[in-house]
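Engineer: give the three-dimensional model of this entry:
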Amino acid sequence: PVRSDGAALLQLLETTSIDVLDCTPLQLGMLLSADLLKYCRPLAILVGGEPIALPMWQTLVNASHLTVYNVYGPTECTVDATLAVLNPAQALPTIGRPIANTRIYLLDAHGQPVPLGAIGELYIGGAGVARGYLNRPELTAKCFVRDPFSAEPDARMYRTGDLARYLPDGNLEFLGRNDHQVKLRGFRIELGEIEACLADHPQVREAVVLARGEDSDKRLIAYVVAEPDETLASTLRAHVAAALPEYMMPAAFVRLDTLPLTPNGKLDRHALPAPVIPVASSGRVPRTPREQLLCELFAEVLGTTAPVSIDDDFFELGGHSLLAAKLSNRIRATLGIELFMRDLFKAPTVAGLGQQLGEPHDNDASFRVVLPLRVRGEEPALFCVHPRNGLSWCYAGLMRHLDRSVPIYSLQARRLSTPGYVPDGIGHMALDYVKQIRSIQPAGPYRLMGWSLGGVIAFEMACELQSKGAQVSSLALLDSRLDSSDDPIYAFNRQSIISALLKHAGYEIPDGAPMPPLTFAQRQDILQRGSSPYAAFNETQFEALMASAEYNSTLMSSYAPNAVFDGDLLYFKATRGLLKHQSEPETWRPHVTRNINVHPVDCEHDAMMTPEALQQIATVLAAQLSHR
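Structural biologist: Sure, this is the predicted structure:
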């Protein structure tokens, strides 16, 4: 129909020589998009039904050949009750003053007039007030009330439910519906204020904000009419963040070509589409240990079990201001990095946050001995011990799979944060880590887990705790080999470790050939091109990792357990590669009093922390933890 087609409506104006047009702001917006400003004839336009956004107002006040009236009034008061003439002297939108034989009252919750400039509910009195609603006496009594300010004994006024205030010049400023306010996570929010902020952005032609969902799942959704732009959501998020408090930030931005209209030309809010929240990602996978940890923190806070890529937008995945605050706190607690919510609004992806936060420095808290992955939960904590390289960021993947009632801490080699530290042996490391976990959880039951070398250390920790009378309810080893004298998993020196890293990154070194001399920058360039997580470390950090890995390999080569663990052992066995070591779970038999429960994992040893392997491991682990 012509009324919903701007070009057709403009053509109708031109061919029929219409002098006066009565329309809604949405219809007028379609006309402006169809080049109404090039319309040559004088034209009077009455605009009503919805508020005029600031950009449209500013466009219209400078159109000299158009005479535009902003009219306000509900059907219950014979449509128009106030009128404003748009002119350059009136820079901001206003609904003007009452028309003849009409009275306007701005009242507070007690029915008393509010002071000049204060916000009140708008009541209308005068000759235009209707008698009431047909056959609806209760609603009539609620909305059509006695007018205590009139000298006429039977005078009534209509309670509009709209909010307004008087400007210093006597004009009325419309501030939206009383029910256009929403209470969200303890804050009372005026949706019109967010709409006005969005409409102020040059890319946005029109904007509508709704609160969708119920209770704790209620979220602000912004609908904007704008040209297609992949960066639109992030651009508008930064725009809103610069002007409004965090709790007024929409959780999602939905771009539309046009806003849906009802048959009478008003906005059809019920026809606005629900936002599509992505549940899976096709973006880039984490490139560094820190990106991996941030992706897992995103997933945990958002409550999703789907992998999060470094390009996924936190807010487009369903995040909102409360979850943003939670994520900021989790990043601060886990990585020791001060992240403000405004940083997240500006860069809502892991890749973007990496640029905001900068590279890890030598004293980065993420290299400390205890890395708190999840600190809250009523269950006993799960403590995860680092593999050979000393880092334990890899355990972050467990957060998506284990119940939130289980706190998760990971232990890292002290040598990473204290380069001069040299433990006497595996047992010495275990004593240090036991002291750390008892400072977090003074009493049992304790739950321990470790991958590779970490499993051996976890075994020693379990025995040490039991020797002190503490209960150890769960001990899980992830492909931890005890017969290590000729095991290639542990038989590494610094050069062989670096050589293996370069080969894994795609650098060809002929078998038996010595590794060519490379500078640190050349080596890191190879690792970066091969998407190796080790490319993220500076020279000091890289050397600390290599020293830790080499020394831990030395400790393992001379390790022989002397203690016995009194309990069941949960053992996860990598089933690919190194076939001659497939029987080694039984080498733990002399050191365990009860059962060794072996669970095969379809991967190689070095892939035990991949998402696919972790999902297999976490399924078994979660079942065990629920019973212990």
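
Engineer: which one's the longest strand in this structure?
Structural biologist: When the chain is parsed with DSSP state E, its longest strand is strand 156-166.

Engineer: double-check that residue 304 belongs to a strand.
Structural biologist: No: secondary structure of residue 304 (DSSP: H, G, I helix; E, B strand; the rest coil): coil, not part of a strand.

Engineer: domain map for this structure?
Structural biologist: Following automatic domain parsing, one gets these domains for the chain: 48-177, 185-271, 286-358, 359-625.

Engineer: in terms of mean pLDDT, which of these ranks lowest?
Structural biologist: Least confidently modelled of those is domain 286-358, at a mean of 79 by mean pLDDT.

Engineer: so what's the gap between that domain and the chain middle?
Structural biologist: 7 Å (C-alpha atoms, centre = their mean, to the nearest Å).

Engineer: and residue 318, how far from residue 9?
Structural biologist: Separation of residue 318 from residue 9 (C-beta to C-beta, to the nearest Å) stands at 39 Å. (C-beta placed from N, C-alpha, C; glycine too.)

Engineer: circling back: gap between the longest strand of the chain and the chain center?
Structural biologist: 39 Å.

Engineer: repeat that for stretch 461-474.
Structural biologist: Between the centre of stretch 461-474 and the centre of its chain there are 39 Å (C-alpha atoms, centre = their mean).

Engineer: who's more crowded, residue 318 and residue 9?
Structural biologist: residue 9 (22 against 18; other C-beta atoms under 10 Å).

Engineer: what about the more buried one, distance to residue 15?
Structural biologist: Separation of residue 9 from residue 15 (C-beta to C-beta): 11 Å.

Engineer: now the residue nearest to residue 414 when sequence neighbours are not counted: phi and psi?
Structural biologist: In space, and not counting its chain neighbours, residue 414 is closest to residue 421: 4.8 Å by C-beta to C-beta, 6 or more residues apart in numbering. Per-residue torsions, residue 421: phi -70, psi 130 (degrees, to the nearest 10).

Engineer: residue 525 belongs to a helix?
Structural biologist: Yes: the assignment for residue 525 is a helix, going by three-state DSSP.

Engineer: that one: neighbouring residues, count only.
Structural biologist: Using other C-beta under 10 Å, the number of residues around residue 525 comes to 14.

Engineer: check residue 221 too.
Structural biologist: For residue 221, using other C-beta under 10 Å, the count is 19.

Engineer: ok, now which ones touch residue 622?
Structural biologist: 401-403 (C-beta atoms under 8 Å, 6 or more residues apart in numbering).

Engineer: name the next helix or strand downstream of the helix of greatest length in the chain, please.
Structural biologist: What stands out as the longest helix in the chain, according to DSSP state H, is helix 539-557. Downstream of helix 539-557, the first helix or strand assigned by DSSP states H and E is strand 569-574.

Engineer: just to revisit the earlier point, how about the longest helix of the chain: buried residues?
Structural biologist: For helix 539-557, the neighbour count (16 or more other C-beta atoms under 10 Å) marks 541-542, 544-553, 555-556 as buried.

Engineer: so which of the residues you listed is the closest to residue 481?
Structural biologist: The nearest member of the buried residues of helix 539-557 to residue 481, counting by C-beta to C-beta, is residue 556 at 8.7 Å.

Engineer: I'd like to know how far that closest one sits from residue 480.
Structural biologist: 10 Å.

Engineer: and for those two, which residues touch both?
Structural biologist: Both residue 556 and residue 480 are in contact with 453, 456, where contact means C-beta under 8 Å, 6+ apart.

Engineer: and the longest strand of the chain, which strands flank it?
Structural biologist: The pairing partners recorded for strand 156-166 under DSSP bridges are strand 120-126 (antiparallel), strand 144-146 (antiparallel), strand 172-177 (antiparallel).

Engineer: list the buried ones in it?
Structural biologist: For strand 156-166, the neighbour count (16+ other C-beta under 10 Å) marks 156-160, 162-166 as buried.

Engineer: report the two of these separated the most.
Structural biologist: Distance extremes for these: the farthest pair is 156 and 165 at 23.5 Å, using C-beta to C-beta.

Engineer: how about the contacts of residue 622 in CSV, adding neighbour count and distance to residue 258?
Structural biologist: Output for the contacts of residue 622, formatted as CSV (neighbours: other C-beta atoms under 10 Å; distance: C-beta to C-beta, whole Å):
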residue, neighbour count, distance to residue 258
401, 17, 44
402, 22, 46
403, 10, 46
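
Engineer: ok, the residues you listed vs residue 563, which is closest?
Structural biologist: Among the contacts of residue 622, residue 402 lies closest to residue 563 (C-beta to C-beta), at 27.8 Å.

Engineer: just the strands from the stretch 151-300 of the chain, written as ranges.
Structural biologist: Counting by DSSP state E, counting those that start in this stretch, the stretch 151-300 of the chain has these strands, from start to end: 156-166, 172-177, 181-184, 187-190, 206-212, 219-225, 252-256.

Engineer: most tightly packed of those?
Structural biologist: Highest mean neighbour count among the strands of the stretch 151-300 of the chain (mean count of other C-beta atoms under 10 Å): strand 219-225, with a mean of 23.

Engineer: sheet partners, orientation included, of that one?
Structural biologist: Strand 219-225 has the following strand partners under DSSP bridges: strand 206-212 (antiparallel), strand 252-256 (parallel).

Engineer: nice, that's everything, thank you.
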